[in-house]
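**Student:** starting from these lines, generate the structure:
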Amino acid sequence: MNEEQPQIPSAKSEVLAFVWETIKVVVISLAIILPIRYYLVQPFFVKGASMEPNFEDGDYLLVNEISYRFSAPERGDVVIFRYPVDPSQFFIKRIIGLPDETVEIKGNTIMIYNKDKPGGFVLDESYLDSEQKTLGNSIIKLDDNEYFVLGDNRLQSSDSRRWGPVNKSLITGKAFLRPWPFTRTSLVRPVYY
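**Tutor:** Model prediction:
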């Protein structure tokens with residue numbers, strides 16, 4: 001009788017099989033991760049004190065990049081955008097004024113004038129600390145693609161009061177999740193007016 005001996009894989013073929021499996025895992029992972037990272041969700045680290053106490057220096061946020069492709073940003077959304085003066089920098093602020101509105105800041109009060117309320121309304125900002133003051137005395141009319149943004153820490157924020165409105169084309173997305181630090185993990189909920 002002629003019995004075949006089982007073949008024992010050589011060390012070289014085991015290494016090649018391992019390398020091939022590793023390449024497949026990497027390629028499949030990249031095919032899944034890259035589109036998510038570049039088109040759906042982007043990480044963002046908060047730098048500075050302009051959004052305290054709601055968002056502190058070092059907070060890690062995930063930014064939803066796809067929602068504004070299907071709907072417009074809304075008042076109260078916390079957005080990440082390219083700084084209008086230097087688009088290589090990213091800022092985080094809260095949307096206060098919407099396209100075609102007029103925003104008036106006077107005496108620590110923000111008035112919004114639009115088609116629905118031509119007489120204006122006082123913006124309710126109950127999410128701010130009671131010590132916060134919205135300094136300034138200005139009236140800004142927004143174009144049909146502009147947003148007026150402010151930091152939650154009004155006394156420490158460089159925002160639309162200083163450098164003007166933000167064009168929609170500069171908005172990257174809205175913050176939707178704070179996974180870090182673990183003690184402050186939470187969904188980022190917009191403020192509804």
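**Student:** for the rest of this, base every contact and every neighbour count on C-alpha atoms.
**Tutor:** Fine.
**Student:** tell me which residues of the strand ranked longest in the chain are tucked away?
**Tutor:** Assignment by DSSP state E gives strand 86-97 as the longest strand of the chain. Under the neighbour-count criterion of 16 or more other CA atoms under 10 Å, strand 86-97 has Phe90, Phe91, Ile92, Lys93, Arg94, Ile95, Ile96, Gly97 buried.
**Student:** please apply the same query to stretch 135-148.
**Tutor:** So stretch 135-148, judged by 16+ other CA under 10 Å, has buried residues Ile140, Lys141, Leu142, Glu146, Tyr147, Phe148.
**Student:** go on, stretch 65-84?
**Tutor:** Buried, per 16+ other CA under 10 Å, within stretch 65-84: 65-66, 73-84.
**Student:** same question, stretch 119-128
**Tutor:** Buried-residue list, stretch 119-128, by 16+ other CA under 10 Å: Gly120, Glu125, Leu128.
**Student:** endpoints of that stretch, how far apart?
**Tutor:** 25 Å (CA to CA, to the nearest Å).
**Student:** state the mean pLDDT of it.
**Tutor:** Averaging pLDDT along stretch 119-128 gives 92.
**Student:** ok, now stretch 85-100?
**Tutor:** Stretch 85-100 shows a mean pLDDT of 96.
**Student:** output that stretch as PDB, restricted to C-alpha atoms.
**Tutor:** Output of stretch 85-100 as PDB, limited to C-alpha atoms (Å, rounded to 0.1, in the frame of the first residue of the first chain):
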ATOM      1  CA  VAL A  85      -9.400  84.700   9.400                       C
ATOM      2  CA  ASP A  86      -7.100  81.700   9.200                       C
ATOM      3  CA  PRO A  87      -8.900  78.600   7.600                       C
ATOM      4  CA  SER A  88      -6.000  76.300   8.800                       C
ATOM      5  CA  GLN A  89      -7.400  76.600  12.300                       C
ATOM      6  CA  PHE A  90     -10.600  75.000  13.700                       C
ATOM      7  CA  PHE A  91     -12.800  76.700  16.200                       C
ATOM      8  CA  ILE A  92     -15.800  75.500  18.300                       C
ATOM      9  CA  LYS A  93     -18.700  77.800  19.100                       C
ATOM     10  CA  ARG A  94     -22.500  77.800  19.400                       C
ATOM     11  CA  ILE A  95     -24.800  79.100  16.600                       C
ATOM     12  CA  ILE A  96     -26.700  82.100  17.800                       C
ATOM     13  CA  GLY A  97     -27.800  83.800  14.500                       C
ATOM     14  CA  LEU A  98     -29.100  82.100  11.300                       C
ATOM     15  CA  PRO A  99     -28.900  83.200   7.700                       C
ATOM     16  CA  ASP A 100     -30.900  86.400   6.800                       C
END
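**Student:** what mean pLDDT does the longest helix seen in the chain have?
**Tutor:** Assignment by DSSP state H gives helix 11-35 as the longest helix of the chain. Averaged over helix 11-35, pLDDT sits at 78.
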